[in-house]
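> The sequence isn't on hand, but the structure is:
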């Protein structure tokens, strides 16, 4: 399907405001790098099924993203259609001791809803810059908490485009992993079960996590958070520091001296800079300690 026909077909599903052509992905990733997407669309959860069906029937490549907080997009951009669920229209609903949130909602928004309702269990998520959909896909977590601890079930589109509900157990959740990508599923909605807790206790926990983040993480620079998964029996940041790589720089990309587990954009990094730095860090740590660092950040698009 050529670009003109694709645009016309997308307009049959979405409003003009929901479709952007040649959209710089640097505007939609927390690394603040990435070339243009052919089409960048922001469907509601109910429109997403039609957009995905269109892409599949027209053999148009598509990429679903959350809030871009765990992505490194190549400098040449992404061909086809990038689907980012609308944050503006994403619903977050309280149902007794449970919260049901659509994929586009931010995890921080859901955590605040829990606070307002006097429900504990999502305090760790208040500082995670990701969306519900992206968070579920990677079983996001921080400070000992993970979404699998509170997730009940999700509504998804399966690999055929059919709507179905999958239990927490069916998602095969583990450290920064779910089976969602392997099974070709798309998260539309997630349901969380929480427990009663006073607002004072919830706020105190959130404030503690915030203080720790401000003290230890380079939040003043664009990054994608922790760049590497935690290796079994080790801490990625300490391995990188002990390898003498604190402050190591490639172009505008740098290993943060404040927290070596973070790769940061000092202001003029390209995606190629960041990927090159990551690969050199992996090689140095492997040579020095025999530990293979696995990226937590996902690379997409053309480099």
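Structure received. Bear in mind the structure is a predicted one, so any value in this text is a computation, not a measurement.
> What residues are bridge-paired with residue 298?
For residue 298, the beta-bridge partners are residue 71 (DSSP bridges).
> What separation do you get for it and residue 98?
29 Å (CB to CB, to the nearest Å). Just so you know, the C-beta spots here come from the backbone N, C-alpha and C atoms, and that holds for glycine as well.
> What number of residues are in the vicinity of residue 219?
17 (other CB atoms under 10 Å).
> Do you know the pLDDT at it?
Per-residue confidence (pLDDT) for residue 219: 95.
> Can you list phi and psi of the closest residue to it other than its chain neighbours for me?
Excluding the flanking residues, the one nearest residue 219 by CB to CB, 6 or more residues apart in numbering is residue 213, at 6.5 Å. Here is the backbone geometry of residue 213 (degrees, to the nearest 10): phi -60, psi -40.
> Mind jotting down where the strands sit in the stretch 201-303 of the chain?
223-226, 249-250, 253-255, 262-265, 298-300 (DSSP state E, counting those that start in this stretch).
> Deepest-packed of the ones you listed, please.
Burial of those is given as mean neighbour count (mean count of other CB atoms under 10 Å); strand 262-265 ranks first at a mean of 26.
> Give me the contact list for it.
By CB atoms under 8 Å, 6 or more residues apart in numbering, the residues outside strand 262-265 that reach it are 31-33, 217-218, 221-227, 237, 252-256, 274, 277-278, 281.
> residues in contact with residue 113?
So residue 113 contacts 92, 94, 99, 101 (CB under 8 Å, 6+ apart).
> Residue 291 too?
231, 234, 239, 285.
> With adjacent residues omitted, what lies nearest to it?
Closest to residue 291 by CB to CB, 6+ apart is residue 231, at 5.2 Å.
> Tell me, how many residues neighbour the one you found?
15.
> So which residues of the stretch 201-303 of the chain form helices?
236-242, 271-289 (DSSP state H, counting those that start in this stretch).
> Serialize the ones you listed to CSV and add fields for mean pLDDT, distance to residue 263 and mean neighbour count.
Output for those, formatted as CSV (pLDDT from 0 to 100; distance: least, CB to CB, whole Å; neighbours: other CB atoms under 10 Å):
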stretch, mean pLDDT, distance to residue 263, mean neighbour count
helix 236-242, 98, 9, 19
helix 271-289, 98, 6, 18
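> would a markdown table of those with distance to residue 158 be doable?
A markdown table is the format used below for the helices of the stretch 201-303 of the chain (distance: least, CB to CB, whole Å):
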| stretch | distance to residue 158 |
| --- | --- |
| helix 236-242 | 34 |
| helix 271-289 | 32 |
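> Ok, which of those comes nearest residue 26?
Among these, the nearest to residue 26 by CB to CB is helix 271-289 (9.0 Å).
> Residues touching the closest one, excluding its own?
So helix 271-289 is contacted by 31, 33-35, 72-75, 227, 234, 239-240, 242-243, 245, 248-255, 263, 265, 291-293, 295, 297, 299, 301, 303 (CB under 8 Å, 6+ apart).
> three-state assignment of residue 164?
Assigned by DSSP: H, G, I helix; E, B strand; the rest coil, the conformation of residue 164 is strand.
> Count the neighbours of it for me.
12.
> For it, give the beta-bridge partners.
Under the criterion used (DSSP bridges), residue 164 bridges to residue 156.
> Relative to residue 288, how far out is it?
On the measure of CB to CB, residue 164 and residue 288 end up 47 Å apart.
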